[in-house]
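> the sequence isn't on hand, but the structure is:
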């Protein structure tokens, strides 16, 4: 996690054209503050592009208020629909800039203005053509998966019916409940909790537990999947995802019961306590309202 003042200072030093930043970094479970970056970029003529794949629909992201130019969401995370389609939002400033490099393929070109030089070389990832595909122009760029569109429509309809603020509160509420219960189990939470994601809980793997063997056994025997991490954190932490539809009391309790019981059976030091963990979770739900 970077301090925003540090990032803004680097903008003045390096003077980039674009800054791309990850809002929720799932391999470490950290949440990167970005509320000051959009305005800072705009004042300097820099474009801000945010990867909010993991945080989209799991927390409130006021794109216009934060003056962010482009934000990319995720389908299969907090929105809880199949992967394969990507929600994205960008402003007029961003659109005008990318259209300076627009090039429509000759075979489907009609009266579009096309840049002959310095155009975007990837047809597949050409956002200028993709935005025309979804515009009244209906540019025949490709054939979209109708099932993905229906899934996105349904997922967004459910999200709006619940309310964006309510969804954010639900994720935060259950994250705090499960985190408290995991501490009572005897596990140590990884990282600074003041800058943690509300849709991933990272815990340190207890000494003597084989990371891969434990996760494989948990999945194969009980149908519960948790993730390891990468790089220096590989074999050091587990990542427990709590996203979207699955973030409900009965699912959290079911997960904790299976995970804690299975973990205790592998704990040679016998310092973990399933009963305390489950009681802590139930007490939290009884004493705290969402």
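That came through, no problem. Just so it is clear, the model here is predicted, and its values are computed rather than measured.
> make sure residue 145 is actually in contact with residue 86.
No: here residue 145 does not reach residue 86: they are 11.9 Å apart, not a contact under C-beta atoms under 8 Å. Bear in mind the C-beta positions are built from the backbone N, C-alpha and C, glycine included.
> and for the two, which residues touch both?
Shared contacts of residue 145 and residue 86, defined by C-beta atoms under 8 Å, 6 or more residues apart in numbering, are absent.
> how about the strands in the stretch 1-150 of the chain?
Along the stretch 1-150 of the chain, counting by DSSP state E, counting those that start in this stretch, strands occupy 18-22, 24-25, 30-31, 47-51, 70-72, 88-90.
> can you report how many residues neighbour residue 9?
12 (other C-beta atoms under 10 Å).
> next one: it from residue 3, what distance?
9 Å (C-beta to C-beta, to the nearest Å).
> again, but for residue 103
From residue 103 to residue 3 the distance is 40 Å (C-beta to C-beta).
> again with residue 131
Distance from residue 131 to residue 3, by C-beta to C-beta: 34 Å.
> neighbour count for these two, which is higher?
residue 131 (18 against 9).
> residues in contact with the more buried one?
Here residue 131 is in contact with residue 95 (criterion: C-beta under 8 Å, 6+ apart).
> quick one: residue 171 and residue 248 touch, right?
No: the pair residue 171 / residue 248 is not scored as a contact, 11.0 Å apart, by C-beta under 8 Å.
> between these two, who's got more neighbours?
residue 171 (22 against 13).
> check which helix or strand covers the more buried one.
helix 164-185 (DSSP states H and E).
> which strands and helices lie in contact with that helix?
With contacts defined as 3 or more C-beta pairs under 8 Å, 6 or more residues apart in numbering; DSSP states H and E, helix 164-185 has these neighbours: strand 200-204, helix 249-265, helix 274-287.
> show me how far it is from its chain's centre.
Distance of helix 164-185 from the chain centroid (C-alpha atoms, centre = their mean, to the nearest Å) equals 16 Å.
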